[in-house]
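J.: Need a 3D model of the sequence below.
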Amino acid sequence: MKNGVKQISFLSLIGLSLIGLSLTNVAWAKVARPKNDTLTNTIQSAELKTSSFSSMPKKEIPNRHIISLSKSQLAQHPRLVLRGLILALYQNNTQAVQLLLPLYKQFPQQDNFLLTWAKAIEAREQGDLTQSIAYYRELFALNASLLPLRYQLAQALFFNYENESAKIQFEKLRTEVDDEKFLGVIDHYLLTLNQRNQWIWQVGLNFLNDDNLNNAPKSGTKIGNWTAWEKESGKGVGYSLSVEKKWPWADHFFSKTMFNGNGKYYWDNKKYNEATFRIGGGLGYQTALVEVSLFPFQEKRWYAGGSSGTNTMKQYADKLGIRLENVDWLSKTWQISTALEYGKSRYKIRKHLDGDYYFISSTLFYLPKSTQFWFVGMDFHRENTQALDNAYQQKTLRFGWGQDWSYGISSRLTFSYANRVYREKDLIGIQQKNREYTTTITLWHRNIHFMGLTPKLSWDYQKSTSNHAFYRYDKNRIYLEIGKIF
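T.: Numbers count the residues shown, from 1 in each chain. Here you go, the predicted structure:
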């Protein structure tokens, strides 16, 4: 205390020294990781509380490297305040932010990005994680390449028990971290997320406007005396719901229950309404980087019948099968996901479609950085039906690219090519061989939400070429989809 004015060891708060250090080179996009992550020893517990945001102990700084200033003296050095605030935000240093923010607010010109970042840290420290996450998402929409920002958002989601969203952010962050110690910190978060005993919900809704519901060929198409069906259109909504819960056991094992449902409702053409529900449960093994699960399932499908149906959905088919899934991080930027499924199908009316099927899918993901991903995948699907002209095998190649752009824009492009070959000739005497192409482009803004749902605008194009004239068609549609994970 000097002349009644409290002295502030400013640099000891932010953990840096001005001696021999040039702060003019602080570059936002070049910080590899937050130096002062807020992980505590309680990270291994799945029940972490918001009080765990206290900082890790800082290295002791020799006294000769500490500059003591009063608040009034510090206020006379606006460049020092600005640089210190930037460092404090990057380092997730709550104490330094609380010290420097009031001084920064006295400046005639202020940066809204810095102010919002400081608000996010303050809201988190006060326990208002929902508001803190809202601030972080606002910042993220402006600049998705800041790794300290992604780390702090992931932490806030973690402590707010938004498990799937937190997992996505930590996995993206992991792709850009080189420090082994910090990789270990991220892996601890991921392991804790995997061990949490909590329900995971995913909901989705998209608005449908399909001008070719029944995949009809060009109007007037004929083969001999046979005439193809005419196009039918429909407007409605598509919906999906996924619910999953894991019960962790010892030694990384777990049991799992899951439910998936999806369907389409056309209010102006109800003959094409449909719904499918699947329920299953089984066992698995997981670490921070690997997850393997095996579970039997039962599936039911309801369908109104199509062109020859009614306006009421009826039970259409049942499936009983088993599925093996594996997700493995090969490195910090490469992931492979594989699924194998076998099942038997039983139809209520169309008994000639009864039979079994095999499905194999493998997808390789590449994440060169946290704002970008690529994937390539291959699928094999075989349907063995009683009527051999309905039995087929299909090979599919998939490709995709996702990107977070500036100004809050994100995009996703997917393309697939499938080759489907039927086993026998149909009534017309043609053994059907189809080539099917699908392209989808999706755009959304990362900071636009309605009741927690993110709207996305998609364009979808489908084309089928075939040796069978009745199965040649193409169509495209633009639709709005919304979804949420919680």
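
J.: For the rest of this, base every contact and every neighbour count on C-alpha atoms.
T.: Noted.

J.: Assign residue 278 to helix, strand or coil.
T.: Recorded secondary structure, residue 278: strand (DSSP: H, G, I helix; E, B strand; the rest coil).

J.: what is the closest residue to it other than its chain neighbours paired to in the beta sheet?
T.: Of all residues beyond its chain neighbours, the one nearest residue 278 is residue 299 (4.2 Å), with distances taken as CA to CA, 6 or more residues apart in numbering. Taking DSSP bridges as the rule, residue 299 bridges to residue 278, residue 319.

J.: ok, residue 299 - how many residues close by?
T.: 19 (other CA atoms under 10 Å).

J.: Quick check: it touching residue 322?
T.: No. Applying CA atoms under 8 Å, one finds residue 299 not in contact with residue 322, separated by 10.8 Å.

J.: Show me the domain layout of this structure.
T.: 8-194, 199-485 (automatic domain parsing).

J.: for this structure, which spans come out with low pLDDT?
T.: Counting by pLDDT under 70, the ranges of the chain that qualify are 1-76.

J.: Could I get the full set of helices for it?
T.: Here the chain has its helices, by DSSP state H, at 10-14, 71-75, 78-90, 94-104, 112-125, 129-142, 147-159, 163-174, 180-195.

J.: now the ones you listed in JSON lines, with distance to residue 453 and mean neighbour count?
T.: Formatted as JSON lines, these follow (distance: least, CA to CA, whole Å; neighbours: other CA atoms under 10 Å):
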{"stretch": "helix 10-14", "distance to residue 453": "37", "mean neighbour count": "20"}
{"stretch": "helix 71-75", "distance to residue 453": "43", "mean neighbour count": "15"}
{"stretch": "helix 78-90", "distance to residue 453": "28", "mean neighbour count": "20"}
{"stretch": "helix 94-104", "distance to residue 453": "30", "mean neighbour count": "19"}
{"stretch": "helix 112-125", "distance to residue 453": "21", "mean neighbour count": "19"}
{"stretch": "helix 129-142", "distance to residue 453": "13", "mean neighbour count": "21"}
{"stretch": "helix 147-159", "distance to residue 453": "16", "mean neighbour count": "24"}
{"stretch": "helix 163-174", "distance to residue 453": "13", "mean neighbour count": "21"}
{"stretch": "helix 180-195", "distance to residue 453": "22", "mean neighbour count": "18"}
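
J.: measure the residue most central in space within the chain to residue 408 for me?
T.: Centroid-nearest residue in the chain, with CA atoms, centre = their mean: residue 168, separated by 6.0 Å. According to CA to CA, to the nearest Å, residue 168 stands 18 Å off from residue 408.

J.: same question, residue 162
T.: Distance from residue 162 to residue 408, by CA to CA: 21 Å.

J.: neighbours around the residue lying closest to residue 389 once chain neighbours are set aside, how many?
T.: Spatially, and ignoring its direct neighbours in sequence, residue 389 is nearest to residue 424 (4.4 Å; CA to CA, 6+ apart). Neighbourhood size, residue 424 [other CA under 10 Å]: 16.

J.: Residue 483 against residue 454, yeah?
T.: Yes. Contact criterion CA under 8 Å: residue 483 and residue 454 qualify, at 5.9 Å.

J.: ok, residue 295 - contacts?
T.: Listed by CA atoms under 8 Å, 6 or more residues apart in numbering, the contact set of residue 295 reads 280, 281, 282, 283, 322, 323, 324.

J.: Need the residues you listed in a markdown table (columns: distance to residue 82).
T.: Compiled in a markdown table, these are given as follows (distance: CA to CA, whole Å):
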| residue | distance to residue 82 |
| --- | --- |
| 280 | 55 |
| 281 | 55 |
| 282 | 55 |
| 283 | 53 |
| 322 | 59 |
| 323 | 56 |
| 324 | 54 |
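
J.: Restricted to strands, list those.
T.: 280, 281, 282, 283, 322, 323, 324 (DSSP state E).

J.: Can you tell me which of those lies closest to residue 449?
T.: Nearest to residue 449 among those, counting by CA to CA, is residue 280 at 31.9 Å.

J.: Please name the nearest non-neighbouring residue to that closest one.
T.: According to CA to CA, 6+ apart, the nearest residue to residue 280 is residue 297 (4.0 Å).

J.: mind listing what the one you found touches?
T.: 278, 279, 280, 281, 320, 321, 322, 323.

J.: Quick one: neighbours of residue 291, just the number.
T.: 18.

J.: my bad, residue 361
T.: A total of 18 residues lie near residue 361 under the criterion other CA under 10 Å.

J.: what does the one 10 residues further on give?
T.: Applying other CA under 10 Å, we find 19 other residues in the vicinity of residue 371.

J.: Let me know whether it touches residue 144 as I believe.
T.: Yes. The pair formed by residue 371 and residue 144 meets the contact definition of CA under 8 Å, at 6.6 Å.

J.: Overlap of the contact sets of these two?
T.: 404, 405.

J.: ok, so what distance separates the residue lying closest to residue 441 once chain neighbours are set aside from residue 90?
T.: Spatially, and ignoring its direct neighbours in sequence, residue 441 is nearest to residue 413 (4.7 Å; CA to CA, 6+ apart). Distance from residue 413 to residue 90, counting by CA to CA: 32 Å.

J.: give the contact list for residue 82.
T.: Going by CA under 8 Å, 6+ apart, residue 82 touches residue 104.

J.: mind running it again at 10 Å?
T.: Contact analysis of residue 82 by CA atoms under 10 Å, 6 or more residues apart in numbering lists 88, 100, 101, 103, 104, 107, 110, 111, 114.

J.: Same check on residue 486?
T.: Residue 486 neighbours (CA under 10 Å, 6+ apart): 161, 162, 163, 164, 165, 199, 200, 201, 202, 203, 243, 452.

J.: try residue 232
T.: Counted by CA under 10 Å, 6+ apart, residue 232 has contacts 210, 211, 212, 213, 214, 215, 216, 269, 272, 306, 307.

J.: Burial check on the third one, number of neighbours?
T.: Burial measure for residue 212: 18 neighbouring residues, criterion other CA under 10 Å.

J.: Check the first one too.
T.: Look at residue 210: counted by other CA under 10 Å, it has 19 neighbours.

J.: my guess is it meets residue 479, correct?
T.: Yes. Look at residue 210 against residue 479 with CA atoms under 10 Å: they come within range, at 9.5 Å.
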